[in-house]
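> when you get a sec, could you give me coordinates for this:
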Amino acid sequence: MPLSQSTLADALARVFDAKPATAVEANLAILLGAFQGGLAAFTPASAGAVVAQGIIAYWQAIAWLGPVAAGVTVFPGNSTLAPALAVIFADLSRKSPTDKANDLASAFDVGAKMVVVSDVPFVQPAPPIVGPIQ
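Residues are numbered from 1 along each chain as shown. I've put the predicted structure just below:
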């Protein structure tokens, strides 16, 4: 499934407008903890660093098993996320929840496109398939 910045922005806007959902999906607790810690931080730089750390931990914790291969994250991407989030968190202008969500979605989209995964096919011999997520 291709990454969709607009879909992410819409979901973030819903979070800003409503109560967060419960943590029932795998690895969601990592993201929830990162956002809670980041939003409780005292400075924009600290907030950006805490959230970025959580996003990186989220990607590193992902492993999957498909019908023809198994895979893991080999590079969690998001190397530019902490400073980008610090800028967003430092912006105290009166943006709408949708505008704030779009700013965050843009930062997450850039970082997620840097994530590199490795899939190992079950039928051997076959080399691993390494590349960015789509």
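
> now the helices for the chain?
For the chain, the helices defined by DSSP state H occupy 5-17, 28-40, 44-61, 81-90, 97-112.

> select, out of these, the one closest to Val123.
helix 44-61 (26.7 Å; Cβ to Cβ). Backbone N, C-alpha and C define where each C-beta goes, glycine included.

> who are the packing partners of that closest one?
Under the contact definition 3 or more Cβ pairs under 8 Å, 6 or more residues apart in numbering; DSSP states H and E, helix 44-61 sits against helix 28-40, helix 81-90, helix 97-112.

> so which of the ones you listed comes closest to Ala57?
Each of the helices and strands packed on helix 44-61 has some distance to Ala57 by Cβ to Cβ; the shortest is helix 28-40, at 5.2 Å.

> tilt between the closest one and helix 44-61?
Angle of helix 28-40 versus helix 44-61, following axes from the mean of the first three to the mean of the last three Cα atoms, to 10 degrees, is 170 degrees.

> renumber starting at 11 from here on
Yes, from this point I'll number from 11; that puts the last item at helix 38-50.

> great, nothing more from me.
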